[in-house]
Structures are given as structure tokens and as C-alpha cells.
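J.: Structure, please.
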Amino acid sequence: MAAFAESGTHLAGTDTLAESGAGSGSNPDVSLLYDINGLAKDAPTWFDRVMEFVGEYGLLFAMVLLILWCWWGVRRRGGEDAASSVAALAWAPLAAGIAVLVNVPIRGFVERPRPFVDHEGLEVLVSGKTDYSFVSDHATLTMAMGVALFVANRKFGLVGIVLGLLGGFCRVYMGVHYPTDVVGGFALGTAVALLLSPVAAALLTPLAKAVERSARVGWLISARGAESRGAVVPE
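T.: Got it, this is the predicted structure:
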């Protein structure tokens, strides 16, 4: 009887472990979360601090700098398509803002808690995250800007999309989002940037052309146009 009881206890413990393993293993979203976030536990403290800054602020700042860099090249080159090119670049931050606004009712409807609320043992690098998890605002912002930048300029846009993907990885690494939160953010940002791009071009291009004709702020669109506007025309 004692042996039977011991065997029963062993089987019960085995079943409990099996259920626990199945609970995480059967959900690839949670399993991938633990795999990626587990890298933070093994990494040195200084690297975690770098990832924290990059994932929270650094990549968004880098994306803005990338857009400004592209704009600077467009205005220096000038040409007949300068206004439409600058209008396409202006759409990148606007697309990001609209995508985040669209995400507000989505997060309120889904009401998914942050992963560290429901799952123990995560290495959370950023504290104070009390809002809902799905969809990731950071992933939405960076991917919307990256895709909109790709529409305006392929070379710069590819770099922007890579930055967006890296940003999504950082959010999971930091323990503040599930992988599906990030994928949802990528999808939302891409959809807004692409679907509304024709409407944005139709509205922003005439505005950019009007700015280009201005003697005061025409340099925002084309540096060459500003030089021609400032030249003295002989009688």
C-alpha cells in the first residue's frame, strides 16, 4: 500500500508537471515569449539596459532621423517630383499617428493584459506598464513609418522596415508584449500606411506644391527651387 501510495504521488506530480509543460508548450505565443525573453536573463545587465533604451525610445528616434535624412536628400536634389516626394515622406509620421489612434479602440475591445500579469518568471525590463498589451503601440508606430517610408523611397524604406522588425523583437525581449502583440502591430501599421497612402498623396501633394511656390518656406520642398526663387531676373 505504501508503495502504491508513493507511486500514485509520483504519478500525480508527473501529471502536474506535464500539464504545466503542456500549458506553455501548447501555446506557441507563450513559448516564444519565454524563449525570447529568456535571452534577457542570460545577457549582462548593461546589455539589458541598452535593449531597454533601444526598444523604448532609441528605434523611434532612429526612425525619425531616417525620415529626416531622406527628406534632406530629396530637397537638395529638387526637381519636378520634389513636392510629391516630400508629400510621401510627410505621410510617414502621419500614418504612424493615425495607426496609433486606430489602435485605441482595438486595445479597449481586446483587453489583453500584459504578459507579466498572467505569466511568472519573465524578465521585465520596463516597469509601470499598466495598459493593455494587444496591439503593441511601438510595433504599430515603427512599422507604419517604415512601410510609408518604403512607399516614398525603397532604399530608406527597407532600412525603416528592418528597424521596425528590430523594435518588435525588443518589445518581446523586454517582457512587455507577446509576439502576437507585435505581429498585430506590424499588420495594423502596414495596413494604415498602404491603404491610406493614395488618399494621403492626393491631399498632401497639392499642399507640398503650394509650399514649394512660397518664397518664405519653399526651401522645405526644394533647395534648388529656393535658389531660383531668390535669383534676380534681368529685365
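J.: And the strand or helix carrying Lys41, what does it pack against?
T.: Per DSSP states H and E: Lys41 is located in helix 28-42. Where contact means 3 or more Cβ pairs under 8 Å, 6 or more residues apart in numbering; DSSP states H and E, helix 28-42 is packed against helix 2-25, helix 154-173, helix 179-195. Placement of C-beta: from N, CA and C, glycine included.
J.: Lowest mean pLDDT across these, which one is that?
T.: Mean pLDDT is lowest for helix 2-25 among these, at a mean of 40.
J.: residue ranges with poor pLDDT in the protein?
T.: Applying pLDDT under 70 to the chain picks out residues 1-25, 224-235.
J.: Kindly recompute the last result at 50.
T.: For the chain, the stretches with pLDDT under 50 are 1-23, 229-235.
J.: hey, which helix is longest across it?
T.: The longest helix of the chain (DSSP state H) is helix 82-110.
J.: Report the next helix or strand after that one in sequence order.
T.: Elements were assigned by DSSP H and E; along the chain past helix 82-110, the next helix or strand is helix 115-118.
J.: mind listing what's buried in the helix or strand following that next one?
T.: Moving toward the C-terminus from helix 115-118, the next helix or strand (DSSP H and E) is helix 137-152. Buried residues in helix 137-152, counting neighbours by 16 or more other Cβ atoms under 10 Å, are found at 137-152.
J.: same deal with stretch 104-111?
T.: Applying 16+ other Cβ under 10 Å to stretch 104-111 flags Arg107 as buried.
J.: And that stretch, how far out from the chain middle?
T.: Computed by Cα atoms, centre = their mean, to the nearest Å, the chain-centroid distance of stretch 104-111 equals 18 Å.
J.: what does the helix holding Lys41 rub up against?
T.: 24-25, 48, 51, 115, 119, 121-123, 125, 169, 172-175, 178-180 (Cβ atoms under 8 Å, 6 or more residues apart in numbering).
J.: Pull the distance from stretch 35-52 to the chain's centre.
T.: 20 Å.
J.: would you put the C-alpha positions of that stretch in PDB?
T.: Taking C-alpha atoms only, stretch 35-52 is exported to PDB below (Å, rounded to 0.1, in the frame of the first residue of the first chain):
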ATOM      1  CA  ASP A  35      12.300  31.900 -25.400                       C
ATOM      2  CA  ILE A  36      13.000  35.500 -26.500                       C
ATOM      3  CA  ASN A  37      12.600  37.000 -23.000                       C
ATOM      4  CA  GLY A  38      14.900  34.200 -21.600                       C
ATOM      5  CA  LEU A  39      17.700  35.900 -23.600                       C
ATOM      6  CA  ALA A  40      17.400  38.900 -21.200                       C
ATOM      7  CA  LYS A  41      18.100  36.700 -18.200                       C
ATOM      8  CA  ASP A  42      21.300  35.300 -19.700                       C
ATOM      9  CA  ALA A  43      22.500  38.700 -21.000                       C
ATOM     10  CA  PRO A  44      24.700  41.000 -18.900                       C
ATOM     11  CA  THR A  45      23.000  43.900 -17.100                       C
ATOM     12  CA  TRP A  46      24.500  46.600 -19.400                       C
ATOM     13  CA  PHE A  47      23.100  44.800 -22.500                       C
ATOM     14  CA  ASP A  48      19.600  44.700 -21.000                       C
ATOM     15  CA  ARG A  49      19.900  48.400 -20.300                       C
ATOM     16  CA  VAL A  50      20.800  49.100 -23.900                       C
ATOM     17  CA  MET A  51      17.900  47.000 -25.200                       C
ATOM     18  CA  GLU A  52      15.600  48.800 -22.800                       C
END
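J.: Cheers, nothing more for now.
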